[in-house]
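Trainee: coordinates only, sequence not included:
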Ligand SMILES: CC(C)(COP(=O)(O)OP(=O)(O)OC[C@H]1O[C@@H](n2cnc3c(N)ncnc32)[C@H](O)[C@@H]1O)[C@@H](O)C(=O)NCCC(=O)NCCS
Ligand SMILES: Nc1ncnc2c1ncn2[C@@H]1O[C@H](COP(=O)(O)OP(=O)(O)OP(=O)(O)O)[C@@H](O)[C@H]1O
């Protein structure tokens with residue numbers, strides 16, 4: 001028997017409903033590590049990565065932390081700059097994820113919410129992966145409704161992400177978020193049951 005919790009990776013492309021599903025998992029008492037929140041904390045006011053990011057991208061940080069709009073404009077669409085930012089951010093996120101796992105060592109199941117799981121090869125050590133997915137037109141409508149989002153930015157981000165169809169093909173579970181929330185919640189409950197049964 002494996003020591004420690006089972007680990008479910010949760011991923012999905014922009015606007016597919018990861019955060020909503022992560023919220024559903026938390027209400028089922030499943031601890032969720034939120035990679036995006038970790039990035040925000042590391043880049044926010046007094047964030048641990050501010051000196052390194054300022055050195056690599058002068059003028060991109062201030063008293064409120066990283067200017068995400070400006071840094072995003074600099075790195076999305078420029079693979080070298082994006083790789084430089086990732087080399088700063090990803091090891092720090094991995095360290096926080098290790099802390100989380102130690103803190104929740106007694107839970108039967110934990111979830112790693114990792115937006116870029118397939119893009120950045122974060123699948124090692126996971127027992128299963130669930131992908132959130134909705135039809136492309138639902139995704140587009142959700143994303144373009146967000147403040148500060150433009151069609152251009154959306155297209156740039158999509159181009160950086162593994163296509164939804166490929167994610168669905170590779171995942172152990174597909175969670176459909178293109179339907180009313182209750183239907184999605186039912187699927188989430190089923191996955192948690194399947195992964196915690198028979199321990
Ligand atoms: C460049 C930053 C500051 C822009 O922040 P902003 O708030 O404008 O965008 P946000 O983080 O919400 O990302 C928007 C979309 O782009 C995607 N995205 C973010 N980083 C990347 C990346 N390195 N490669 C591909 N897609 C990415 C996200 O999954 C999301 O769908 C930020 O995305 C960042 O620091 N990215 C590098 C670190 C990283 O890889 N984070 C992903 C979680 S580990
Ligand atoms: N069945 C459903 N499941 C999940 N989200 C749904 C569903 N129906 C409607 N929605 C809505 O779709 C939106 C999904 O946004 P959410 O922030 O969860 O996506 P995300 O994948 O985390 O996005 P990003 O990767 O861009 O941060 C929310 O506004 C949510 O209320």
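Mentor: Sure, I can see it. These numbers come from a predicted model, not from an experiment. Ligands and ions are numbered 1, 2, ... in the order given.

Trainee: Tell me, how many residues neighbour residue 40?
Mentor: If you count neighbours by other CB atoms under 10 Å, residue 40 ends up with 14. Placement of C-beta: from N, CA and C, glycine included.

Trainee: Quick one: mean pLDDT for the longest helix anywhere in the chain?
Mentor: Ranked by residue count and defined by DSSP state H, the top helix of the chain is helix 79-103. Helix 79-103 shows a mean pLDDT of 95 in the predicted model.

Trainee: Give me the buried positions along that helix.
Mentor: Within helix 79-103, the residues scored as buried using 16 or more other CB atoms under 10 Å are 85, 88-89, 92-93, 96-97, 100-101.

Trainee: again with stretch 15-28
Mentor: 15-19, 21-22, 24-25, 28.

Trainee: about what we covered before: list of residues touching the longest helix of the chain?
Mentor: Contact partners of helix 79-103, identified using CB atoms under 8 Å, 6 or more residues apart in numbering, comprise 4-5, 7, 31, 33, 35, 38-39, 42-43, 48-49, 52-53, 56-57, 71, 74-76, 110, 112, 120, 160.

Trainee: And ligand 1, is it touching that?
Mentor: Yes: counting by CB under 6 Å from any ligand atom, ligand 1 has neighbours in helix 79-103: 82, 85-86, 89, 93.

Trainee: Around ligand 2, which positions in this protein sit nearby?
Mentor: Neighbours of ligand 2 within the chain, by CB under 6 Å from any ligand atom: 12, 14-20, 115, 142, 177, 179, 181, 184.

Trainee: Is stretch 158-167 positioned near ligand 1?
Mentor: Yes: contact of stretch 158-167 with ligand 1 (CB under 6 Å from any ligand atom) involves 160-161.

Trainee: and that stretch, how far from the chain's centre?
Mentor: Relative to the centre of its chain, stretch 158-167 is centred 14 Å away, using CA atoms, centre = their mean, to the nearest Å.

Trainee: Check the average confidence over that stretch, would you?
Mentor: 94.

Trainee: For ligand 1, state which of the buried residues of stretch 15-28 is nearest.
Mentor: residue 15 (7.5 Å; CB to the nearest ligand atom).
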